[in-house]
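In: I'd like to go over a predicted model; first the sequence, then the structure.
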Amino acid sequence: MLFLGFSAGLPLLLILGTLSFWLREAGIDRSTIGYLTWVGLIYAGKWLWAPLVDRVPIPILGKLLGRRRSWLICAQIVIVLGLLGMASLDPKVAITPVVWCALIVAFGSATQDIALDAFRIESADSDHQAALAATYQTGYRLALIWSGAGVLWLAARVESGVGYDVSAWQFAYLCMAGSIAVGVMTTLFSKEPARIELTKARNAKAWLHQTLIEPFAEFITRYRWQAIAILALIAIYRISDVVMGIMANPFYVDMGYTKDEVAAVSKVFGVIMTLLGAFIGGVLTLRFGVMRILLLGAVLSAVSNLLFAWLATQGHDLTGLVWVISADNLSSGIATAAFIAFLSSLTNIQYSATQYALFSSMMLLMPKWLAGFSGVFVDAFGYSIFFISTAIIGLPVLLLIWLVIRLKVVQFKKADDQTAQVSD
């Protein structure tokens with residue numbers, strides 16, 4: 001799960017965060033960079049083809065590797081092709097081809113996420129999902145650092161001098177395409193999870209109902225009206241982080257931080273605090289339960305955004321950057337470890353890929369759409385007001401967590417009462 005988490009996390013920044021640093025350095029305006037966040041909406045739509053990944057085997061390759069691993073390999077190949085395309089282009093000359101290649105990477109990455117989430121959920125029982133989620137998150141966060149700080153470090157090593165050098169960025173993206181080999185090799189040498197045998201449909205109509213309708217209907221039937229609160233929480237839990245994140249790299253460029261400075265801070269302090277955050281999140285989730293740590297993560301995420309607002313008033317302050325990035329990575333590690341465990345606990349193993357894809361798609365839909373306007377907002381009000389606003393929009397998350405906790409308490413009390421009756 002550590003290596004597969006790395007494979008899952010690698011493409012994300014390459015088409016969103018790190019790409020925004022490249023685009024800003026190439027002279028692309030902030031508004032355009034903000035709108036390019038909508039490339040990430042492909043992740044929000046992955047539930048549309050998740051039933052195919054969940055149920056349809058890939059001919060030949062599926063027999064050799066199994067259903068989950070064959071889909072993983074195919075998705076990883078698509079990611080590599082998209083990254084190679086980006087490594088051959090210059091957004092300063094023409095940005096449209098870069099966008100198309102980014103869309104290819106996003107599609108392959110989203111498909112990999114669908115297969116990998118099912119692979120993870122089916123590989124262990126519910127008692128071990130928090131541990132798997134924490135390990136997965138560690139690999140994922142390491143990949144974010146490699147595809148963020150690593151790309152900046154690689155580009156800085158080969159650039160010809162001061163200013164924009166497209167060949168440096170192309171070299172860095174070529175290295176990122178090669179890094180997907182970690183996921184490919186891990187997939188080839190991993191064990192295929194035990195397959196859950198489902199009732200075979202007798203005709204096309206029954207198959208479509210079983211594939212497309214049942215996974216969603218089962219969730220609604222299981223939680224009934226409580227599903228509204230759960231889905232609302234999923235939809236906005238990451239809103240503060242996602243909306244803020246797209247402007248982070250343009251912010252570093254505009255504040256005068258070099259690629260080496262951002263890479264060094266992210267690599268040293270980011271790695272330490274990310275690993276610490278993922279570890280703390282996993283341990284606290286096991287000790288105090290998922291919902292309490294979800295609440296803690298939401299509070300920490302808002303506070304870390306306020307730290308960015310403070311940093312925007314300091315000018316080029318390398319020490320301040322260290323503290324802010326450290327706090328941001330720590331809070332994100334805690335929040336995400338708990339959130340993954342929360343999403344995993346909601347799925348029915350018979351529909352693991354489709355249901356998890358639905359949850360993770362909802363997690364991104366509203367935040368990514370709203371993030372598309374981040375560049376326009378910064379141009380109008382500045383970075384400080386922008387960062388403060390991203391903290392404020394996270395306040396409804398706290399209310400929804402409280403509501404879901406209340407709903408869970410009612411359920412647990414009923415379960416305890418039933419257990420007591422049986423014991424009596």
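Out: Yep, that arrived.

In: pLDDT averaged over stretch 273-292 - what is it?
Out: Mean pLDDT, stretch 273-292: 84.

In: With stretch 337-344 instead?
Out: Mean predicted lDDT for stretch 337-344 stands at 82.

In: Then stretch 145-159?
Out: 86.

In: Need the residues that contact that stretch.
Out: For stretch 145-159, contacts defined as Cβ atoms under 8 Å, 6 or more residues apart in numbering pick out 6, 9-14, 17-18, 21, 165, 167-169, 171-173, 175-176, 179, 258-260, 262-267, 270-271, 274. Glycine gets a C-beta too; all of them are placed from N, C-alpha and C.

In: mind redoing it with 7 Å?
Out: Residues from elsewhere that reach stretch 145-159 (Cβ atoms under 7 Å, 6 or more residues apart in numbering): 10, 13-14, 17-18, 21, 165, 168-169, 171-172, 175-176, 179, 259-260, 262-263, 266-267, 270-271, 274.

In: Which of those fall in helices?
Out: Using DSSP state H, 10, 13-14, 17-18, 21, 168-169, 171-172, 175-176, 179, 259-260, 262-263, 271, 274 are the members of the contacts of stretch 145-159 that sit in helices.

In: quick one, what contacts Ala278?
Out: Per Cβ under 7 Å, 6+ apart, neighbours of Ala278: Ala134, Gln137, Thr138, Arg141, Gly333, Ala337.

In: Name only those of the residues you listed that count as buried.
Out: Ala134, Gln137, Thr138, Arg141, Gly333, Ala337 (16 or more other Cβ atoms under 10 Å).

In: Once you drop chain neighbours, what's closest to the first one?
Out: Spatial nearest neighbour of Ala134, excluding adjacent residues (Cβ to Cβ, 6 or more residues apart in numbering): Gly282 at 2.8 Å.

In: Also the fifth one?
Out: Nearest non-adjacent residue to Gly333, counting by Cβ to Cβ, 6+ apart: Gly277, 2.1 Å away.

In: check contacts around the one you found.
Out: Asn329, Leu330, Ser331, Ser332, Gly333, Ile334.

In: Pretty sure Met176 sits against Leu14.
Out: Yes: checked against Cβ atoms under 7 Å, the pair Met176 and Leu14 is within contact range at 5.7 Å.

In: about what we covered before: in ChimeraX, how would I select the buried members of the ones in helices among the contacts of stretch 145-159?
Out: Here is the ChimeraX selection string for the buried members of the ones in helices among the contacts of stretch 145-159, based on 16+ other Cβ under 10 Å:
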select :10,13,14,17,18,21,168,169,171,172,175,176,179,259,262,263,271,274
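
In: those strands in this protein, which residues are they?
Out: Using DSSP state E, no strands are found in the chain.

In: any low-confidence regions in it?
Out: Where the chain drops to pLDDT under 70, the residues are 125-127, 195-204, 207-212, 267, 349, 351-353, 408-424.

In: got the contact list for Gly245?
Out: Here Gly245 is in contact with Gly17 (Cβ under 7 Å, 6+ apart).

In: Check Ala309 too.
Out: Ser384, Phe387, Ile388.

In: try Trp49
Out: Contacts of Trp49 (Cβ under 7 Å, 6+ apart): none.

In: could you redo the last one with a cut-off of 10 Å?
Out: Val56, Phe107, Ala110, Thr111, Ile114, Thr354, Ala357 (Cβ atoms under 10 Å, 6 or more residues apart in numbering).

In: contacting residues around the nearest residue to Leu64 once chain neighbours are set aside?
Out: Spatial nearest neighbour of Leu64, excluding adjacent residues (Cβ to Cβ, 6+ apart): Ser70 at 7.3 Å. Applying Cβ under 10 Å, 6+ apart, we find Ser70 in contact with Pro57, Ile58, Pro59, Ile60, Leu61, Gly62, Lys63, Leu64, Ala115, Thr187, Glu192.

In: farthest-separated two in those residues?
Out: The span of these, defined through Cβ to Cβ, is set by Pro59 and Thr187 at 17.9 Å.

In: Out of the contacts of Ala278, flag the one nearest to Phe288.
Out: Among the contacts of Ala278, and counting by Cβ to Cβ, the member closest to Phe288 is Ala337, at 12.6 Å.

In: Now Cys74: closest residue in space that isn't a chain neighbour?
Out: Nearest one to Cys74, counting by Cβ to Cβ, 6+ apart, is Ile58 at 6.4 Å.

In: cool, Pro11 as well?
Out: Ser109 (3.9 Å).

In: can you pull the contacts of that neighbour?
Out: With Cβ under 10 Å, 6+ apart, Ser109 has these contacts: 7-12, 14-15, 40, 42-43, 46, 75-76, 78-79, 82.

In: and if you look at Val98?
Out: 15, 19, 22-23, 26, 28, 36, 85-86, 88-92.

In: Over to Leu358?
Out: With Cβ under 10 Å, 6+ apart, Leu358 has these contacts: 46-48, 50-51, 215-216, 219, 231, 234, 343, 346-347, 351.

In: let's see it at 6 Å
Out: Trp47 (Cβ atoms under 6 Å, 6 or more residues apart in numbering).

In: what does Gly289 give?
Out: Residues counted as contacts of Gly289 (Cβ under 6 Å, 6+ apart): none.

In: can you give me the helices for the stretch 201-350 of the chain?
Out: For the stretch 201-350 of the chain, applying DSSP state H, counting those that start in this stretch gives helices covering 204-208, 214-223, 226-236, 239-245, 248-254, 259-265, 271-288, 290-311, 318-346.

In: Just put the ones you listed in a markdown table and tack on distance to Val376.
Out: Converted to a markdown table, the helices of the stretch 201-350 of the chain look like this (distance: least, Cβ to Cβ, whole Å):
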| stretch | distance to Val376 |
| --- | --- |
| helix 204-208 | 41 |
| helix 214-223 | 35 |
| helix 226-236 | 21 |
| helix 239-245 | 12 |
| helix 248-254 | 13 |
| helix 259-265 | 24 |
| helix 271-288 | 30 |
| helix 290-311 | 18 |
| helix 318-346 | 23 |
